[in-house]
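Chemist: Got a sequence here, can you model it:
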Amino acid sequence: MTMTRFESIGVYLPEQEVTTRELIDSMDTEPMFDLEKLTGVKSRRWRAPHEDCHSLALEAIERCLVNSRYEADEIDVIICTSITRFKDGLKFVLEPCLSSYLKKRLGMREDALNFDITNACAGMFTGVHVLDQMIKSGVVRNGLIVSGECITPISETALKEINNPVDEQFASLTVGDSGAAVLMDQSPSDDEGVEFLELLTLSQFSDFCYGMPSDKNPGVAMYTKAMEIHATVIQRLPQTLGHFAEKYQVSGADFAHVIPHQTSERAIRSALALCSESLGDIPNICVSLDRYGNTSSTSHFVVLNDHIQQGHIQPGQRILMLVLASGIVLGVASVRIGNLTGAH
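Modeler: Next comes the predicted model:
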């Protein structure tokens, strides 16, 4: 069966940069650890007052379409995978859905499909999985997946509420705002495309991370049991990757790069080091969280775009996408990159 491919991508990053040091200096309670050293996050992008999930997503789509051969009225479906749903400031809007708003703003055809999916930080690759099957089954010819993550409001809540050195809101200080979009269609050759993609949810650990309205202040908060998540992933990731490696007859040596979800550089490298027995030699690990932080559901495409722009990732290279998310979600995707042009 012919593969689908990433026909074009677009990433938008707000102009304002905020350093980890600036955040820590603004707090009454400092962590009992060096947050920057532990996570590798030195700075992140922060939304402007006029920006929200809708505008971040729209900016990313516009950059994606600049790189695409398709016009907006030629797209058959738009899928929004944002965790956050802020519009007009900090108003959290569930209906009408974000994809409906974007479809109208872009001038897409009336008969084009639109829907939203949320799956924590695995959202965009959940959208990729669904769209991949829609294209292969002939339901649509192409489609657009987009996420506008206006997620720094959880940082603002954390700055107000953290009151002990091991508070569960410290992970909220690692996030950054962004928008990412990817347009997919049927691959014209075997030289580029999504070779395989699988996601596994370990729902018994869903209580390790919650996003909800704060019970202390107006706004949204995230409570994360970071140590428990790390221990669970460390324990299960090697076996999970080993299963996928055996199923698809691949090893680390078959890939030029691995792009993991961007949480903590120390955690990423330690987890992948443990996977060497089941996966073999680990390829070059692509990390951009030192400058952008954890951009949640957009992270793989922010990193892909960044490393294409820097010339590290070249057309024809095979990339292992390592999907990790609260839930807990573990997954892998093998993607052979075509002639993409990074744009942000």
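Chemist: where does the stretch 201-344 of the chain dip in pLDDT?
Modeler: The stretch 201-344 of the chain contains residues with pLDDT under 70 at 341-344.
Chemist: mind listing the strands for it?
Modeler: For the stretch 201-344 of the chain, strands defined by DSSP state E, counting those that start in this stretch occupy the ranges 209-213, 220-224, 257-260, 284-285, 318-325, 329-336.
Chemist: how about these, which one is nearest residue 91?
Modeler: Ranking these by proximity to residue 91 (CB to CB) places strand 220-224 first, at 11.3 Å. Heads up, the C-betas are built off the backbone N, CA and C, glycines and all.
Chemist: Give me the neighbour count for residue 22.
Modeler: Using other CB atoms under 10 Å, residue 22 has 11 other residues around it.
Chemist: Quick check: phi and psi at it.
Modeler: In terms of degrees, to the nearest 10, the main-chain angles of residue 22 are phi -60, psi -40.
Chemist: pLDDT at it, what is it?
Modeler: Looking at residue 22, its pLDDT is 95.
Chemist: Could you say which helix or strand holds the closest residue in space to residue 79 that isn't next to it in sequence?
Modeler: On the basis of CB to CB, 6 or more residues apart in numbering, the spatially nearest residue to residue 79 that is not a chain neighbour turns out to be residue 127, at 4.5 Å. Per DSSP states H and E, residue 127 falls inside helix 123-136.
Chemist: Restricting to C-alpha, output that helix in CSV.
Modeler: C-alpha atoms of helix 123-136 as CSV (Å, rounded to 0.1, in the frame of the first residue of the first chain):
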residue,chain,number,x,y,z
GLY,A,123,-2.1,15.0,19.9
MET,A,124,-0.4,15.8,16.6
PHE,A,125,0.8,12.3,16.1
THR,A,126,-2.7,11.0,17.0
GLY,A,127,-3.9,13.3,14.2
VAL,A,128,-1.2,11.9,11.9
HIS,A,129,-2.4,8.4,12.7
VAL,A,130,-6.0,9.2,11.9
LEU,A,131,-5.3,11.2,8.7
ASP,A,132,-2.9,8.5,7.5
GLN,A,133,-5.8,6.0,7.6
MET,A,134,-8.3,8.4,6.0
ILE,A,135,-6.0,9.0,3.0
LYS,A,136,-5.1,5.3,2.6
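Chemist: Quick one: mean pLDDT over it.
Modeler: Here the average pLDDT along helix 123-136 is 98.
Chemist: moving C-terminal of it, what's the next helix or strand?
Modeler: Assigned by DSSP H and E, the successor of helix 123-136 is strand 142-149.
Chemist: Could you quantify the relative orientation of that following strand and helix 123-136 as an angle?
Modeler: 170 degrees (axes from the mean of the first three to the mean of the last three CA atoms, to 10 degrees).
Chemist: give me the number of residues near residue 314?
Modeler: Other residues near residue 314 number 12, with proximity taken as other CB under 10 Å.
Chemist: quick one, what contacts it?
Modeler: Residue 314 is in contact with 256, 337, counting by CB atoms under 8 Å, 6 or more residues apart in numbering.
Chemist: longest helix anywhere in the protein?
Modeler: In the chain, with assignment by DSSP state H, the single longest helix is helix 226-248.
Chemist: Can you list the helices and strands that that one packs against?
Modeler: strand 193-201, helix 265-274, helix 276-279, strand 329-336 (3 or more CB pairs under 8 Å, 6 or more residues apart in numbering; DSSP states H and E).
Chemist: counting contacts, what elements does the first one pack onto?
Modeler: In terms of contacts (3+ CB pairs under 8 Å, 6+ apart), strand 193-201 is packed against strand 4-12, helix 123-136, helix 226-248, strand 329-336.
Chemist: strand partners of that strand, parallel vs antiparallel please.
Modeler: Note on strand 193-201: by DSSP bridges, its sheet partners are strand 329-336 (antiparallel).
Chemist: May I have the strand it pairs with as PDB, with CA atoms only?
Modeler: This file holds the C-alpha atoms of strand 329-336, laid out as PDB (Å, rounded to 0.1, in the frame of the first residue of the first chain):
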ATOM      1  CA  VAL A 329       1.100   7.400  25.900                       C
ATOM      2  CA  LEU A 330       4.100   5.600  24.300                       C
ATOM      3  CA  GLY A 331       4.500   5.400  20.600                       C
ATOM      4  CA  VAL A 332       6.900   5.400  17.600                       C
ATOM      5  CA  ALA A 333       6.700   6.600  14.100                       C
ATOM      6  CA  SER A 334       9.200   5.900  11.300                       C
ATOM      7  CA  VAL A 335       9.100   8.800   8.800                       C
ATOM      8  CA  ARG A 336      11.300   9.200   5.700                       C
END
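Chemist: what comes into contact with it?
Modeler: The contact list for strand 329-336, computed with CB under 8 Å, 6+ apart, reads 6, 119-122, 125, 128, 191-202, 233, 236-237, 240-241, 244, 248, 250, 255, 316-324.
Chemist: This completes my enquiry, with thanks.
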